[in-house]
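> from the sequence below, what's the structure:
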Amino acid sequence: MSTDYSPEEIGQWKKEKVLGAGGFGYVILWRNKIVYKLIDLGYAKELDQGSFCTSFVGTLQYLAPELFMSQKYTCTVDYWSLGLVTHEIITGSRPFLPDKSPAEWIPIIKGKDPTVIRAFLDADKNIVFSNEISPFHRICSLFKADIERWLRTMLEWDPKKRGRYDNGSAFTFLETIFNKKISLVFCVDTLKLHSFLVNETMSLEDFYKQLELETKISVNQQDIYFPDGRTPNPDKGASQFTSDMEQEETVIFLFHKHESSSSMSSLSSTVIPTDVENMMRNPHDKINYLSQRTVWSQAVFLSQQEFSLVSHLVQAFKANLMNLLTKTSYTRKCISRMTAEMNKLLAKSALFKSSLEQDIKSYEKQYENGGFSSETLFQDWKNTLENLKKVDILRQKIVNLEACTASLCSQTMELQKSPYARAKLITSLEEVHQKILDSYAELRKRSSDERRVPHDNTEIVRLLCLCLQYSHTHTQEVVSHIKTIKQVKRDIDDSLPQINNVLKEISDWDFQIDSWQTRRQHALWKVIDALLEKAHNVERSISPLEISSSPQPTLLRKHINSVGSSLPIKGLSDVGGRLIPDPPKQSSILRTPPIITPPAWQNIKRSGSIWRVYPKRGGNSCSY
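As a prediction, the model looks like this:
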């Protein structure tokens, strides 16, 4: 039993290794963490739950009521002192009329309701009892409710009931509080920090529904990021949003995907405590030390609140920016892939176009020289050549997408240059906040003589005005950056489907050109096959006596040319204006042409360009 709990008897050290607990008041955390210990235990006594004492020792303001009444007491006097110290650590002041001496507040608090954990004077100097802690605190709403319930039993007036629950002691309940998993979510669009109780079995869907109820942002419009820019893992539950009590506080950032009517339309209005507002209106008024310490502590709270708000907002900006960098990198990869595929398509298209143009020129040339004619084939080639021009339209789409992506990447790079994107940012707000803390520390260091003299508040008011001004400026700038990130993300989300559609179009065009090339080759070989087959038929129909040996075109070629203009190309047909070849057969060019063997003639005489054969008298041989 200590009997002398007060803030001055609590020290802190940084330990390099894990230590075992040293008893009540000896709180051991983890390696490289701050360790808090009770010091100056000169009056400490070892008592069990049933031991009693009657000696009067300890710091007056933190002593239990029974000590002032010379009553027998047990270790429950430490419970009262611990409750007072806990309230002061959380709120910055003792719970019961902190400006009054024990002789003044004990008669007033003696008759309080068991649920009352705080008593204070309002603006009219009336005593107000409350079952809630002071509003000037930095704990989350869930922990606040639990700690208020714990304080009710620690600040119980009756020593026999103090620190007891129906199902255990106050320390059992305190352990239960610390074992709870709480998720902290900073809603960027409302600039508010929310807390949610999470258990191991809670699903993401249930957590998102709680967010919707608390923030009014529908589930399908929620963008959630971890501090490093990661998005929630869909295969894990809501427990991924929590952190242990021993770990550093983790805050999750919630954004509205799109701008709503109330989404960051106006900056949150700062709530200034009444006493601080009066001080800012009359900074030259001199007030006594106790009143000044109270109002300055509230000024410190206000400064800390503004600094915390801007810090969370900057962290949210960094998280969103890192997520944007990931999204931008993925978009660049998609653009690179699209460009590479388009270059392949253009190369294939250029080769096919060149071949097709050569075929058309060759066809027109041979047609002019009396060659064969196939209007269906010729028109199909011309239509195909015309359709190839549509590839240029696809190319223009890619040029536009590349320009859009380049603009988005440029905006992202500009956001990276922002001073708020730095790993360590020392802002003017942080500097002013530190000066306010230093001023309050100097106030508390005043000597007894200085405390008797009233002082004005001009310096703290000047610093506080700068704090509010810088907070407003930083908030506006960061919110503007976040809006830019949102717009860039929306543009990326709009461009990604377009990129995927273009990739599909490239694939379709690649297949189409292959199809046209295959059809063109089949058609050409069908033409060759048909011409050769017709040529063989003509050869069979020519008399052996009509074989020409002049350099002019032979009768065989004349016959081929004469039938070329009306040649029905077997295996080619028109379907919807397109030339569709039949499945390829074995080409007739592989067939061996017939060999014409003339019979034995007696005589062969030449007349003009025609060889004439005459039988030779007296034999079977031929003479020329």
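> from residue 215, how far out is the closest residue to residue 203 other than its chain neighbours?
Distances taken as C-beta to C-beta, 6 or more residues apart in numbering put residue 237 closest to residue 203, at 5.6 Å, once the chain neighbours are dropped. Where you see a C-beta, it was placed from the backbone N, CA and C, and this is true even at glycine. Distance, residue 237 to residue 215, using C-beta to C-beta, to the nearest Å: 20 Å.
> ok, back up a step: which residues does the residue nearest to residue 203 contact?
Contacts for residue 237 (C-beta atoms under 8 Å, 6 or more residues apart in numbering) come out as 200-204, 207.
> ok, residue 76 next?
The contact partners of residue 76, taken as C-beta under 8 Å, 6+ apart, are 64, 159-160, 162-163.
> if we go to 10 Å?
Listed by C-beta atoms under 10 Å, 6 or more residues apart in numbering, the contact partners of residue 76 are 1, 49, 64, 66, 154, 156, 158-164, 170.
> of the contacts of residue 237 - the most surrounded one?
residue 207 (23 neighbours; other C-beta atoms under 10 Å).
> grab the nearest non-local neighbour of it.
Closest residue in space to residue 207, ignoring its immediate chain neighbours: residue 238 at 3.8 Å, by C-beta to C-beta, 6+ apart.
> low-scoring pLDDT stretches of the protein, where are they?
1-59, 244-248, 259-269, 425-426, 542-624 (pLDDT under 70).
> strands of that one, start to end?
Using DSSP state E, the strands of the chain run over 10-14, 34-38, 118-121, 127-130, 164-165, 168-169, 181-187, 192-198, 222-225, 251-256, 572-575, 578-581, 604-607, 610-613.
> what lines up beside the fifth one in the sheet?
Note on strand 164-165: by DSSP bridges, its sheet partners are strand 168-169 (antiparallel).
> quick one: residue 164 and residue 171, what's the gap?
Using C-beta to C-beta, we find residue 164 at a distance of 11 Å from residue 171.
> I should have written residue 82 there, sorry.
Distance from residue 82 to residue 171, by C-beta to C-beta: 10 Å.
> then residue 83?
In terms of C-beta to C-beta, residue 83 sits 12 Å off from residue 171.
> between the two, what contacts are shared?
Common contacts of residue 83 and residue 171 (C-beta under 10 Å, 6+ apart): 150, 163.
> wait, isn't residue 185 in contact with residue 223?
No: proximity of residue 185 to residue 223 does not meet the contact threshold set by C-beta atoms under 10 Å, at 12.0 Å.
> quick one: which of the two has more around it?
The residue with more neighbours, out of residue 185 and residue 223, is residue 185; 20 against 17, by other C-beta under 10 Å.
> can you name the residues that contact residue 365?
residue 371.
> next: residue 317.
Applying C-beta under 10 Å, 6+ apart to residue 317 gives the contacts 188, 253, 415, 418, 420-421, 477-482, 485.
> one more time with 7 Å, if that's ok
Counting by C-beta atoms under 7 Å, 6 or more residues apart in numbering, residue 317 makes contact with 420, 478, 481-482.
> how about these in JSON lines, adding neighbour count and distance to residue 463?
Listed next are the contacts of residue 317 as JSON lines, based on neighbours: other C-beta atoms under 10 Å; distance: C-beta to C-beta, whole Å:
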{"residue": "420", "neighbour count": "19", "distance to residue 463": "23"}
{"residue": "478", "neighbour count": "21", "distance to residue 463": "22"}
{"residue": "481", "neighbour count": "20", "distance to residue 463": "27"}
{"residue": "482", "neighbour count": "22", "distance to residue 463": "28"}
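> can you flag which of the residues you listed belong to helices?
Among the contacts of residue 317, the members falling in helices are 478, 481-482 (criterion: DSSP state H).
> same list (those) but as CSV, adding distance to residue 147.
Shown next, in CSV, are these (distance: C-beta to C-beta, whole Å):
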residue, distance to residue 147
478, 32
481, 36
482, 33
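> was I right to think residue 170 contacts residue 163?
Yes: Residue 170 is in contact with residue 163 according to C-beta atoms under 7 Å; the separation is 4.3 Å.
> what is in contact with the two at once?
With contacts defined as C-beta under 7 Å, 6+ apart, the residues adjacent to both residue 170 and residue 163 are 79, 153-154.
> pull the contacting residues for the closest residue to residue 180 other than its chain neighbours.
Ranked by C-beta to C-beta, 6+ apart and with sequence neighbours excluded, the top spatial neighbour of residue 180 is residue 197, at 6.4 Å. By C-beta under 7 Å, 6+ apart, residue 197 lies in contact with 142, 180, 182.
> tell me the buried residues within those residues.
Neighbour-count burial (16 or more other C-beta atoms under 10 Å) applied to the contacts of residue 197 gives 142, 182.
> and which of the contacts of residue 197 is nearest residue 287?
For those, the minimum distance to residue 287 (C-beta to C-beta) is 36.7 Å, reached by residue 142.
> please report how far residue 121 lies from residue 288.
Residue 121 sits 14 Å away from residue 288, going by C-beta to C-beta.
> now swap in residue 90 and tell me
Residue 90 is 26 Å from residue 288, by C-beta to C-beta.
> more neighbours, the two?
residue 90 (20 against 13).
> correct me if wrong: the more buried one contacts residue 135.
No: assessed by C-beta under 7 Å, residue 90 is found out of contact with residue 135, at 11.1 Å.
> got the contact list for the nearest residue to residue 227 once chain neighbours are set aside?
Once flanking residues are discounted, residue 227 sits nearest to residue 319: 5.4 Å by C-beta to C-beta, 6+ apart. Shown in contact with residue 319 (C-beta under 7 Å, 6+ apart): 225-229, 253.
> now residue 236: phi and psi?
Note on residue 236: backbone dihedrals following degrees, to the nearest 10 are phi -110, psi 160.
> swap that for residue 288, please
Taking degrees, to the nearest 10, you get phi -70, psi 170 for the backbone angles of residue 288.
> what segments of the chain are helices?
Ranges of helices within the chain are 65-68, 76-91, 102-109, 141-154, 170-178, 204-215, 274-281, 289-368, 375-387, 390-416, 428-444, 448-451, 458-541, 555-564, based on DSSP H.
> tell me the most buried of these?
helix 76-91 (a mean of 22; mean count of other C-beta atoms under 10 Å).
> my read is that residue 360 contacts residue 381, right?
Yes: the pair formed by residue 360 and residue 381 meets the contact definition of C-beta under 7 Å, at 5.4 Å.
> export stretch 484-491 to CSV, keeping only CA atoms.
Taking Å, rounded to 0.1, in the frame of the first residue of the first chain, the C-alpha atoms of stretch 484-491 are listed here in CSV:
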residue,chain,number,x,y,z
THR,A,484,-6.9,16.4,-56.8
ILE,A,485,-6.0,12.8,-56.0
LYS,A,486,-9.7,11.8,-56.1
GLN,A,487,-10.0,13.4,-59.5
VAL,A,488,-6.9,11.7,-60.9
LYS,A,489,-8.2,8.4,-59.6
ARG,A,490,-11.5,8.9,-61.2
ASP,A,491,-9.8,9.7,-64.5
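> for residue 325, give its distance to residue 506.
Distance, residue 325 to residue 506, using C-beta to C-beta: 27 Å.
> likewise residue 287?
77 Å.
> and if you look at residue 524?
Per C-beta to C-beta, residue 524 is found 27 Å from residue 506.
> check residue 423 too.
Distance of residue 423 to residue 506, given as C-beta to C-beta: 41 Å.
> fine by me, thanks again.
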